[in-house]
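J.: 3D, please:
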Amino acid sequence: MNLEKILVIADRDDPRQKALRAALDLTRGTRAVISVVGFLFDDMVQHPGLIPATTARQMKATMVRDKKTWMRAAVEGIESGEARIRQTVVWTRDISGWVAEHAGEFGLVIKSGSRSEGLMHTPLDWQLMRESKVPVMIVRDHLRKRPGRILASVDLGSSKPTQRDLNRRVLAAGHMLAQQLDAELHVVYAIPLSALAQDLDLVDRSLMERKAIRALDAELAAISEEFDVPRKNIVIKAGPPERILDGQASKLKATLLVMGTRGRKGLKGKLLGNTAEKVLHLNRSTVLALSPH
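T.: Numbering: from 1, shown residues only. Purely as a prediction, here's the structure:
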């Protein structure tokens, strides 16, 4: 994961500008370039016939000026260190589409968290995680907390090359960020088990976990050595993945949860969501989602 160029989505509803502060936490001591982008759109300006063209142009210019003024004021009091902050206003209705199109220019996309999800409404947080080809961080709080703990979620039960590669990238990102933030890295593997099977106590979860630990002993040792994770910090639990991740993150008071996402779309995505999206709903940790692509 490259932190030399970061895209931060400006949020007028966040007086603390958590996304920008997170970018600065991640790039402390470097000369990274942080592009703060403020998105803007108004239907009336874009519909000919509703108002005169001259009025529409004036409205758009005024709104853009106001956005730029707010962004300058929001950034002004934040210490940037050696990082360089650039500010841009983009006129578009499709924020996730614009980010997906331009994400290749950046190594990371950061946005402050939102809890606006609903049955038939996919919030911007979810859209970004599904469509961006670069890692997306949804920020909930400060990254440099004490004690600092980062939780990396991996799927050790899959033999698919794409999942194995995603596991390595999740672990590598967790390791790098733990060093950058002076935090302790923890790893969790959630053995998928339906909520119904768990709640009805239909499966011996302890037996499943013990078998997995024995079967994965060599792989756990390799992870411990390569990514500098004490074996005691690697946990295997059976249950619904979102519940396991939420529980572990809460137990550790994890500042950051690093995980992969599958990018499920369409009606299935709206009804079922992805584990990363469910974790966003359940947990208060900052989430870094990596796409398998």
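J.: What mean pLDDT does stretch 75-85 get?
T.: What stretch 75-85 shows for mean pLDDT is 90.
J.: Please state the offset of that stretch from the chain centre?
T.: Between the centre of stretch 75-85 and the centre of its chain there are 22 Å (C-alpha atoms, centre = their mean, to the nearest Å).
J.: and if you look at stretch 70-79?
T.: Using C-alpha atoms, centre = their mean, the offset of stretch 70-79 from its chain centre is 23 Å.
J.: now swap in stretch 61-81 and tell me
T.: 24 Å.
J.: Same question for stretch 172-179.
T.: With C-alpha atoms, centre = their mean as the basis, the mean position of stretch 172-179 lies at 14 Å from the chain mean.
J.: residue furthest from the geometric center of the chain?
T.: The outermost residue of the chain relative to its centre, with distances by C-alpha atoms, centre = their mean, is Pro52 at 42.0 Å.
J.: For the nearest residue to Ala249 once chain neighbours are set aside, the count of nearby residues, please.
T.: The spatially closest residue to Ala249, leaving aside those adjacent along the chain, is Ser285, at 4.6 Å (C-beta to C-beta, 6 or more residues apart in numbering). All C-beta spots, glycine's among them, are computed from the backbone N, C-alpha and C. Other residues near Ser285 number 28, with proximity taken as other C-beta atoms under 10 Å.
J.: what do you get for Thr162?
T.: 12.
J.: give me the element it is part of.
T.: Counting by DSSP states H and E, the element that carries Thr162 is helix 161-180.
J.: Tell me which residues are up against that helix.
T.: 1, 3, 26, 28, 135, 148, 150-156, 158, 183-185, 187, 223, 226-229, 256, 258-260, 288, 290, 292 (C-beta atoms under 8 Å, 6 or more residues apart in numbering).
J.: Among these, which lie within strands?
T.: 150-154, 184-185, 187, 256, 258-260, 288, 290 (DSSP state E).
J.: My read is that the residue nearest to Ala249 contacts Leu257, right?
T.: Yes. Taking contacts as C-beta atoms under 8 Å, Ser285 lies within contact range of Leu257: 4.6 Å.
J.: where do the contact lists of these two overlap?
T.: Contacts common to Ser285 and Leu257, judged by C-beta under 8 Å, 6+ apart, are Leu151, Ala249.
J.: Looks like Ile223 contacts Val229 (just checking).
T.: Yes. Contact criterion C-beta under 8 Å: Ile223 and Val229 qualify, at 6.2 Å.
J.: Could you pull out the residues contacting both of these two?
T.: Contacts common to Ile223 and Val229, judged by C-beta under 8 Å, 6+ apart, are Val187.
J.: Just list the residues touching Val229, thanks.
T.: Applying C-beta under 8 Å, 6+ apart to Val229 gives the contacts His175, Leu185, His186, Val187, Ile223.
J.: show me what contacts Lys18?
T.: By C-beta under 8 Å, 6+ apart, the neighbours of Lys18 are Asp11, Ser112, Gly113, Val139, Arg140, Asp141, His142.
J.: hmm, which of the residues you listed are the buried ones?
T.: Neighbour-count burial (16 or more other C-beta atoms under 10 Å) is assigned, among the contacts of Lys18, to Asp11, Ser112, Gly113, Val139, Arg140, Asp141.
J.: bridging residues for the closest residue in space to the last one that isn't next to it in sequence?
T.: Spatial nearest neighbour of Asp141, excluding adjacent residues (C-beta to C-beta, 6+ apart): Thr286 at 6.5 Å. Here Thr286 shows beta-bridge partners Leu256, assigned using DSSP bridges.
J.: one step back: quick one, which of the contacts of helix 161-180 are buried?
T.: For those, buried by 16+ other C-beta under 10 Å: 1, 3, 26, 28, 135, 148, 150-156, 183-185, 187, 223, 227, 229, 256, 258-260, 288, 290.
J.: Tell me how far Ala238 lies from Lys211.
T.: 10 Å (C-beta to C-beta, to the nearest Å).
J.: Turn the contacts of Val229 into JSON lines, columns for pLDDT and distance to Gln58.
T.: Below are the contacts of Val229 laid out as JSON lines (pLDDT from 0 to 100; distance: C-beta to C-beta, whole Å):
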{"residue": "His175", "pLDDT": "97", "distance to Gln58": "52"}
{"residue": "Leu185", "pLDDT": "98", "distance to Gln58": "53"}
{"residue": "His186", "pLDDT": "98", "distance to Gln58": "55"}
{"residue": "Val187", "pLDDT": "98", "distance to Gln58": "56"}
{"residue": "Ile223", "pLDDT": "97", "distance to Gln58": "59"}
